[in-house]
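Engineer: Provided below are the primary sequence and the corresponding predicted coordinates.
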Amino acid sequence: MNHIELIKAVEWKDLKKLSLKEMLIENNISLPWLLISLLLAYNEYYWLALPFSGFYFLTALRQVHNGFHNSLGTGKFLTWLSLYLNSLTMMASIHAVKFNHIRHHKFCLSEEDYEGKSASMKWYEAILYGPKHMFLIHHITLKKANKTYRKNMFLELTSIAIIIFLVFYFQIHFLMYHVLVMIFGELLMAFFAVWTVHHDTHEDHNLARTQRGFWKNKLTFSMFYHMEHHLFPAVPTIKLPELAERIDRRLPELNKKQTF
């Protein structure tokens, strides 16, 4: 069964619509984790802050990922604002990430898919590749993106540079902690956001792994329903568990490689 046949076999269009509650969740899911991590860091409980920072990074990634696909349930400006503000807290141009992610869906795991380069590597190679991955994401945006993407990238990078300068110049220690942890997270993106969900799938027409198990998906905020996302990228993350159930019922024979 090819990609088109898979899409036709499963009802999914009703899942694009978000209720007010779901929209509020998707647009604010990262905020509690950010505030708790900063509060703990402000009181110098840095080790206690680390897991909250990790969950912030994961949930912010979920939020911007939905923004990439216009699945936040908000208008164009509020979606743009979400990507811009998360750029400032995640320490990378999220519009540059968006440009490469949209190309990732179009050219998945081909030569033109710069986001997906680490998928064919060994796990340790993907970790070591992290710094180059982040450089390439911004470089390819500069080289191949249109004027709007480049303008947004320069705005975000300039804003980030100003924030970093102010934070370190005035020695604001809890924000120094946040900046360093977020940069570390960005350097692991090639492994966590690409390799984990795409390794050893080049010969699979779905080109992505997925995850089953209630607690595994709860702890990862449904971010590893990646096969489902590639098949139906317009479906918001909050609806992916329901989409996965529909796929399992309709296509139980479908090969579903597990993420972990």
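Structural biologist: Yes, it's here. Numbers count the residues shown, from 1 in each chain.
Engineer: check contacts around the spatially most central residue of the chain.
Structural biologist: Centroid-nearest residue in the chain: residue 61, 3.7 Å away (criterion: C-alpha atoms, centre = their mean). With contact set as C-beta atoms under 8 Å, 6 or more residues apart in numbering, residue 61 has these partners: 90, 193, 223. To be clear about C-beta, it is placed using only N, CA and C from the backbone, and glycine gets the same treatment.
Engineer: per-residue pLDDT, it?
Structural biologist: pLDDT recorded at residue 61 is 98.
Engineer: mind starting the numbering at 27 from now?
Structural biologist: With the count now opening at 27, the last piece we talked about shows up as residue 87.
Engineer: That one and residue 197, how far apart?
Structural biologist: Note on residue 87: its distance to residue 197, by C-beta to C-beta, to the nearest Å, is 29 Å.
Engineer: hang on, isn't residue 246 packed against residue 81?
Structural biologist: No - counting by C-beta atoms under 8 Å, residue 246 stays clear of residue 81, with 9.9 Å between them.
Engineer: Share the number of residues neighbouring the nearest residue to residue 146 once chain neighbours are set aside, please.
Structural biologist: Sequence neighbours aside, residue 228 is the residue nearest to residue 146 in space, at 6.7 Å (criterion: C-beta to C-beta, 6 or more residues apart in numbering). Per other C-beta atoms under 10 Å, the neighbour tally for residue 228 reads 13.
Engineer: Which secondary structure element is home to residue 228?
Structural biologist: Secondary-structure assignment from DSSP states H and E places residue 228 in no helical or strand segment.
Engineer: same check, this time on residue 200
Structural biologist: Under the criterion of DSSP H and E, residue 200 resides in helix 199-213.
Engineer: Does anything pack onto that helix? Which helices or strands?
Structural biologist: Taking 3 or more C-beta pairs under 8 Å, 6 or more residues apart in numbering; DSSP states H and E as contact, the helices and strands that helix 199-213 lies on are helix 57-68, helix 72-94, helix 102-116, helix 156-170, helix 173-195.
Engineer: Alright, that wraps it up for me.
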